[in-house]
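Colleague: Using only what follows, build the 3D model:
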Amino acid sequence: MSDQQAYDLETLLRELREIVDTARTMPMSASVLVNREETLELIDEALGVMPEELRHARWLLKEREEYLVQARRDAEDIVEAGRAQAERMVERTEVAREARRVAQQVVAQAEADSRRLRHEAEDYIDQKLAAFEVVLERTMATVVKGREQLQAVVEPLPTELPDHHTGLESMYESDEPAVYNQDDR
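Modeller: The predicted structure follows:
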């Protein structure tokens, strides 16, 4: 995968974050209004680029396997060369031992390198997927909140009051006068 494609996924995710970050807030709420079409378009583009990263990770795993196969071939070649030399020099058994030791070192190093490459590839994939999961979870939470707010029904306040309504009826429920008369003391 080229650096440009990796940059494209990161750019798309940063644009999506910027849309949510700069979106107009709902009055008296932490929720924001986002353009659904624009947001979904960015998510679709990010999903389209993501398989490239997965192919890159698979390529790393394949490369690791090829490296291990080649290292094993090299180790077998070294062991075979050691055997041939040992047969020619029976009296010098030290050569055969050294060849085995070197071959074992090569195999051990190849296996260690293989494990390291595999762990690096797995860590790389895990980091990319975790970052994408966080962005998607935030986006989904924002979308769900936005949809919930759009579905909330708010009853309008009455624009006209009944003719008999003065607005003061609830203040006095007894037969006492509504005005305090100072002379009635």
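Colleague: what about whichever strand or helix holds Thr139, distance to the chain center?
Modeller: Using DSSP states H and E, Thr139 sits within helix 93-151. With Cα atoms, centre = their mean, to the nearest Å as the basis, helix 93-151 stands 15 Å off its chain's centre.
Colleague: Kindly report the same for stretch 54-63.
Modeller: Put simply, stretch 54-63 sits 19 Å off its chain's centre (Cα atoms, centre = their mean).
Colleague: So for it, mean pLDDT?
Modeller: Over the span of stretch 54-63, the pLDDT mean works out to 81.
Colleague: Kindly export it (C-alpha atoms) in PDB.
Modeller: What follows is stretch 54-63, C-alpha atoms only, in PDB (Å, rounded to 0.1, in the frame of the first residue of the first chain):
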ATOM      1  CA  LEU A  54      -5.700  -5.000   5.100                       C
ATOM      2  CA  ARG A  55      -4.100  -6.100   1.800                       C
ATOM      3  CA  HIS A  56      -0.900  -4.400   3.000                       C
ATOM      4  CA  ALA A  57      -1.000  -6.400   6.300                       C
ATOM      5  CA  ARG A  58      -1.600  -9.600   4.300                       C
ATOM      6  CA  TRP A  59       1.400  -8.700   2.100                       C
ATOM      7  CA  LEU A  60       3.500  -8.300   5.300                       C
ATOM      8  CA  LEU A  61       2.400 -11.700   6.500                       C
ATOM      9  CA  LYS A  62       3.200 -13.300   3.100                       C
ATOM     10  CA  GLU A  63       6.600 -11.600   3.000                       C
END
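Colleague: Give me the residues contacting that stretch.
Modeller: Contacting residues not belonging to stretch 54-63 are listed as 1, 117-118, 120-121, 124-125, 128 [Cβ atoms under 8 Å, 6 or more residues apart in numbering]. The C-beta positions use only the backbone N, C-alpha and C, and glycine is treated the same way.
Colleague: what comes up buried for it?
Modeller: Neighbour counts over stretch 54-63 (16 or more other Cβ atoms under 10 Å) mark 56-57, 60 as buried.
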